[in-house]
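Student: Need the 3D shape of this:
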Amino acid sequence: MPDQTQAAKIREGQGFIAALDQSGGSTPKALRLYGIEEDRYSGEDEMFDLIHAMRERIVKAPAFTGEKVIGAILFEQTMDRSFDGMPAATYLWEQRGVVPFLKIDKGLAEESQGVQLMKPMPDLDATLARAKEKGIFGTKERSVINAADTAGIDAIVEQQFEVGRQVLSHDLVPILEPEVTISISDKAEAEALLRAAILSRLEAMTGDDQIMLKLTLPEEAGFYGALIDHPRVMKVVALSGGYSREEANARLAQNRGMVASFSRALTEGLADDQDDATFERNIGATIDSIRDASVAG
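Tutor: Next up is the predicted model:
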């Protein structure tokens, strides 16, 4: 059974989930936005050291506490590192009151039927066992929808639930993330197909298991209300998906019961060369704005 104190924090906490899980493919862009160009590092080791330093600076900021940030999603390499001399997951929960999650997908396959499924994860059971030992509460797995294709969306949801069942077998809570690309012309149609596919699989679940969902902010406010209220769903969180923080917050505030799980929108306005006072003021204002949008309505 997942940790019930942490489960209560996710269900009842008045805050959002920070996405600190940039992978190898997305890290160079994240560093550029943070003010670190590629000529500042040589090779992946130095790159990951720099992104870890950014993450550590964020989680150690005074505003980053469980009163406003109820959870944080970590990259696997981050799980194996430390914050302030403590194992990362331990630090988040024991020092900050923030529930730790782990990104488990290994990237996206080539597009087929308008979607990109997750690549195979042959070592997933070993990863999940290690995550449980390190104090991780749940996981996150991302795939992408680029068109309102019925067969493609059904395949993506089926894969998400299949991996979710594997996660649940390790007493961890999966965050299923079938992201709908915000720029597609048939986004609303894709969201309707996605909602129906998810609901059908939620109805087929047995036992007492609960999952979480991480979804693109919908075109119609309140569109995912049936998922938010479903007894099989612990929490529905929203990804920013390329929206600016201002627009993401505005859209989020219109969706009752949906809380943020932002990545790029969380780090917007932060820079490596900011002094500590400026950095902490900026991240504090960001956390307040995202938290307020998450609890609106």
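Student: CA atoms for contacts and neighbours, from now on please.
Tutor: Fine.
Student: for Glu179, what are its contacts?
Tutor: Neighbouring residues of Glu179 by CA atoms under 8 Å, 6 or more residues apart in numbering: Arg142, Ser143, Val144, Ile145, Lys214, Leu215, Thr216.
Student: residues near the second one, how many?
Tutor: If I follow you right, that is Ser143. 22 (other CA atoms under 10 Å).
Student: Tell me the secondary structure at it.
Tutor: Classification of Ser143 by DSSP: H, G, I helix; E, B strand; the rest coil places it in strand.
Student: Tell me what it is bridged to.
Tutor: Ser143 has the following beta-bridge partners by DSSP bridges: Pro178.
Student: And the last one, by the same measure?
Tutor: With DSSP bridges applied, the residues forming beta bridges to Thr216 are Leu239.
Student: Show me which residues of the helix or strand containing Arg195 are buried.
Tutor: Using DSSP states H and E, Arg195 sits in helix 187-204. Buried residues in helix 187-204, defined by neighbour count with 16 or more other CA atoms under 10 Å: Lys187, Ala188, Ala190, Glu191, Leu193, Leu194, Arg195, Ala197, Ile198, Leu202.
Student: ok, the third one touching Ala151?
Tutor: No: applying CA atoms under 8 Å, one finds Ala190 not in contact with Ala151, separated by 11.2 Å.
Student: shared neighbours, those two?
Tutor: By CA under 8 Å, 6+ apart, no residue touches both Ala190 and Ala151.
Student: ranges for the strands of the protein?
Tutor: 16-20, 69-74, 82-83, 86-87, 99-103, 115-116, 138-145, 173-180, 211-216, 233-239, 258-260 (DSSP state E).
Student: now the helix holding Arg195, how far from the chain's geometric center?
Tutor: The chain centroid and the centroid of helix 187-204 are separated by 19 Å under CA atoms, centre = their mean, to the nearest Å.
Student: between it and strand 138-145, what angle do the directions make?
Tutor: With axes from the mean of the first three to the mean of the last three CA atoms, to 10 degrees defining the directions, helix 187-204 sits at 140 degrees from strand 138-145.
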